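*Asks:* Structure of the sequence below:
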Amino acid sequence: MDVALGILGNPELLFLDEPTTGFDPEARRAFWDLIRQLKNDGTTILMTTHYLDEAEALADRLAVMTNGKILEVSTPALLGGRARAKARVSWSENGKSNLELTDSPTQFVNQLSSRIDGEIQDLSVTRPNLEDIYLEMIGEKV
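*Replies:* The predicted model follows:
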């Protein structure tokens, strides 16, 4: 109801404080669509959220705060050096789990593929998500 009242009259600026707390996944995604539409219509939205997947999906810029201080303001892709973070390549070989951190995951997987005869078991390539970066920024172990 508060959001409905807030968007009446096409506001130029909309403040949202933890707007999806308590939403089920379907309602949350519908709300995300509404936020995107408001953004496309030219509304500036200032939103607080503890849901980092939500921040990543909706925000053009993020501010990370801890203990009342802003640590950094950046885009989701660049926050905390995220764009420079190494990829984690994990796989199983001969019953052993392996992990490699690399700047060149495609090259590494190609080398791995040429070395291993057949399918690479349990292959996964990931980069740090926004939650990983946030925890690193505030000093928590990832």
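*Asks:* All the helices of this protein, residue numbers only.
*Replies:* For the chain, helices defined by DSSP state H occupy the ranges 2-7, 25-40, 52-58, 105-115, 130-137.
*Asks:* name the helices or strands packed onto the longest one?
*Replies:* The reference is to helix 25-40. helix 2-7, strand 44-48, helix 52-58 (3 or more Cβ pairs under 8 Å, 6 or more residues apart in numbering; DSSP states H and E). Just so you know, the C-beta spots here come from the backbone N, C-alpha and C atoms, and that holds for glycine as well.
*Asks:* Return the member of the helices of the chain having the minimum mean pLDDT.
*Replies:* For the helices of the chain, mean pLDDT drops lowest on helix 2-7, to a mean of 66.
*Asks:* Show me the domain layout of this structure.
*Replies:* Using automatic domain parsing, the domains assigned to the chain come out as 2-60, 86-126.
*Asks:* got JSON lines for these, with mean neighbour count and distance to K69 too?
*Replies:* As requested, those are exported to JSON lines (neighbours: other Cβ atoms under 10 Å; distance: least, Cβ to Cβ, whole Å):
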{"stretch": "domain 2-60", "mean neighbour count": "13", "distance to K69": "15"}
{"stretch": "domain 86-126", "mean neighbour count": "12", "distance to K69": "28"}
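*Asks:* Adding distance to R82, write the helices of the chain out as CSV.
*Replies:* Supplementary listing: the helices of the chain in CSV, determined by distance: least, Cβ to Cβ, whole Å:
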stretch, distance to R82
helix 2-7, 30
helix 25-40, 21
helix 52-58, 10
helix 105-115, 15
helix 130-137, 5
